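Student: what shape does this take:
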Amino acid sequence: MKIIDFRILTISDMVLLSSLLLVFLIQIYYLLRYYLKLARHKDSLATQNPNHISIILSVRNEEQHIREILDKFKEQQFEDYQILVINVHSEDNTDGVLNALTETNPRLKVTSLSQESQFNEKQIINIGLKGASSPWIIFLTSASGDIKANWLADMNGLIAPETDLVVAYTNVERLKGFRNLICRLERFNQFVISGAWTLAGKPFVFNEDNVLFKKSMYFDTLGFRHKMNRNFANLELIFNENLRKNRIKVSTNPDLAVREHIEDDRGDHIRLLKKGVQIRQSLSWAKKISLFFDDFTRIVLPLLTAAIIIIHPEYWIIILALPLIYLILQAIIVKMLINRLNERKIFLSSLVYILIKPIINWWFFWSMYVIHRRSRWN
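Tutor: Numbering: from 1, shown residues only. Okay, here's the model as predicted:
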């Protein structure tokens, strides 16, 4: 191994080496200050006092499965809750089954929207929040899989007097196929980023489902006013405008995780990416800049390494040591998070995805910007 002789280096060589060291240190800072903190995070129950909670579900044409969907909540170790089901334009007998179930389930409340009424997602959410009788709300989808018996009790237990929001992990169930894999990777990556930034004092969320929040967060800020035309993100926009440091809890407890059974759809991953881009664009400049530097330095690190090795191949061992240290630390953190969240068989793929995700982000930023410019001119 040849030691670097700084006496023979040119000014451009010194600039490249200094840039590499700076980028390396920035990435190590992000790993230790943000991601490692999330990987080591453990839930701590704040209260055992029950808060009345409304679980809101929207369903459509679920006549064959609606009983199974509602049966998931029967074993909850928590008594003080309501289930509000919004029947959206169902063309089968979903409404009839729901009405029959309300006669035997006092916790169940049903609201139906007729086929003639064309509601978008934000309007459906607004109707659900107006119909909910609880001060605390949690949205789930009809595709949500098995729910642990302690799910609602532990979500409630994370509420402290100063808490506005409790975020738990959501992903899709593991199925065969590449599209299922990349959707799992994207949701995992989104939770890791939002969870890490939240614990570091810069809170924001990428997902509205399996999030327990105060209903007043919505109505005190006039809900979706001026946000109706934002197509991909919904309650996330409300949350991110109103979140304050130390008023949001992040759970890495796998018992609180919800996994959705979603059939293979080639558009799911694209929608997730577009939603992520829209949410990032709506954040404060401080958060945008912090996320940008994470993405930028992650891309530049291997580029600077390659450039210096090409110019001075005799130093390749020493130069490669920096990205190797970074890669090992990144792999350890990803492995810790996968184990903590009880994910399976995505270690290598998630590690690769995290490394290339900044390139994907920037591609979608650019493509959505171009589309927006074209639509303005047209």
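Student: would you agree residue 219 is in contact with residue 135?
Tutor: No - checked against C-beta atoms under 8 Å, the pair residue 219 and residue 135 is beyond contact range at 10.7 Å. For glycine as for every other residue, the C-beta is placed from the backbone atoms N, C-alpha and C.
Student: domain boundaries for the chain, per the record?
Tutor: 6-40+287-377, 53-191+205-266 (automatic domain parsing).
Student: which residue packs closest to residue 21, ignoring adjacent ones?
Tutor: residue 322 (7.4 Å; C-beta to C-beta, 6 or more residues apart in numbering).
Student: cool, and residue 260?
Tutor: Leaving aside its sequence neighbours, residue 260 is closest to residue 143 (4.2 Å, by C-beta to C-beta, 6+ apart).
Student: so where's the chain uncertain?
Tutor: For the chain, residues meeting the criterion pLDDT under 70 lie at 1-2, 4-6, 47, 115-118, 264-266, 368-378.
Student: which stretches of it form strands?
Tutor: 53-59, 81-88, 108-113, 136-141, 165-167, 170-172, 211-214, 248-250, 258-260 (DSSP state E).
Student: next one: stretch 272-284 to chain centre, how far?
Tutor: Mean-position distance between stretch 272-284 and its chain equals 11 Å (C-alpha atoms, centre = their mean, to the nearest Å).
Student: and it, what's buried?
Tutor: 272, 273, 274, 275, 276, 277, 278, 279, 280, 282, 283 (16 or more other C-beta atoms under 10 Å).
Student: just the residues contacting that stretch, thanks.
Tutor: Stretch 272-284 is contacted by residues 183, 186-187, 190, 204, 206, 230-233, 236-237, 240-241, 288, 291, 360-361, 364-365, 368 when judged by C-beta atoms under 8 Å, 6 or more residues apart in numbering.
Student: rewinding a little: nearest to residue 46, of the domains of the chain?
Tutor: domain 53-191+205-266 (3.8 Å; C-beta to C-beta).
Student: centre of the chain to that closest one, how far?
Tutor: Relative to the centre of its chain, domain 53-191+205-266 is centred 14 Å away, using C-alpha atoms, centre = their mean.
Student: ditto for stretch 199-210
Tutor: Worked out by C-alpha atoms, centre = their mean, stretch 199-210 lies 7 Å from the chain centre.
Student: tabulate the CA atom coordinates of that stretch in CSV.
Tutor: Output in CSV follows, covering the C-alpha atoms of stretch 199-210 (Å, rounded to 0.1, in the frame of the first residue of the first chain):
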residue,chain,number,x,y,z
LEU,A,199,-36.0,11.8,15.4
ALA,A,200,-33.3,14.4,14.4
GLY,A,201,-35.8,17.2,15.0
LYS,A,202,-36.9,17.8,11.4
PRO,A,203,-40.2,16.0,11.3
PHE,A,204,-42.2,15.0,8.2
VAL,A,205,-44.0,12.0,6.9
PHE,A,206,-44.5,10.2,3.6
ASN,A,207,-47.5,8.1,4.4
GLU,A,208,-51.0,8.9,5.8
ASP,A,209,-52.0,5.3,6.7
ASN,A,210,-51.3,3.8,10.1
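Student: the buried residues of stretch 272-284 in helices, which ones?
Tutor: Residues of the buried residues of stretch 272-284 located in helices (DSSP state H): 272, 273, 274, 275, 276, 277, 278, 279, 280.
Student: what ranges do the helices span in the chain?
Tutor: 11-30, 36-39, 66-71, 94-102, 121-131, 151-157, 178-199, 216-219, 235-242, 268-281, 285-311, 316-341, 347-377.
Student: nearest to residue 60, of these?
Tutor: helix 94-102 (7.4 Å).
Student: quick check: angle from that closest one to strand 81-88?
Tutor: 160 degrees (axes from the mean of the first three to the mean of the last three C-alpha atoms, to 10 degrees).
Student: re the thing from before, with distance to residue 350 as added columns, please give the buried residues of stretch 272-284 in CSV.
Tutor: Listed next are the buried residues of stretch 272-284 as CSV, based on distance: C-beta to C-beta, whole Å:
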residue, distance to residue 350
272, 15
273, 16
274, 21
275, 19
276, 16
277, 20
278, 23
279, 20
280, 20
282, 26
283, 23
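Student: picking that back up, TSV for the domains of the chain, including mean neighbour count and distance to residue 197?
Tutor: What follows is the domains of the chain, written out as TSV (neighbours: other C-beta atoms under 10 Å; distance: least, C-beta to C-beta, whole Å):
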stretch	mean neighbour count	distance to residue 197
domain 6-40+287-377	15	6
domain 53-191+205-266	17	10
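Student: make JSON lines from those domains and add distance to residue 199 to it.
Tutor: Formatted as JSON lines, these follow (distance: least, C-beta to C-beta, whole Å):
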{"stretch": "domain 6-40+287-377", "distance to residue 199": "5"}
{"stretch": "domain 53-191+205-266", "distance to residue 199": "6"}
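Student: what sits closest to residue 362 if chain neighbours are left out?
Tutor: That would be residue 295: by C-beta to C-beta, 6+ apart, it lies 7.1 Å from residue 362.
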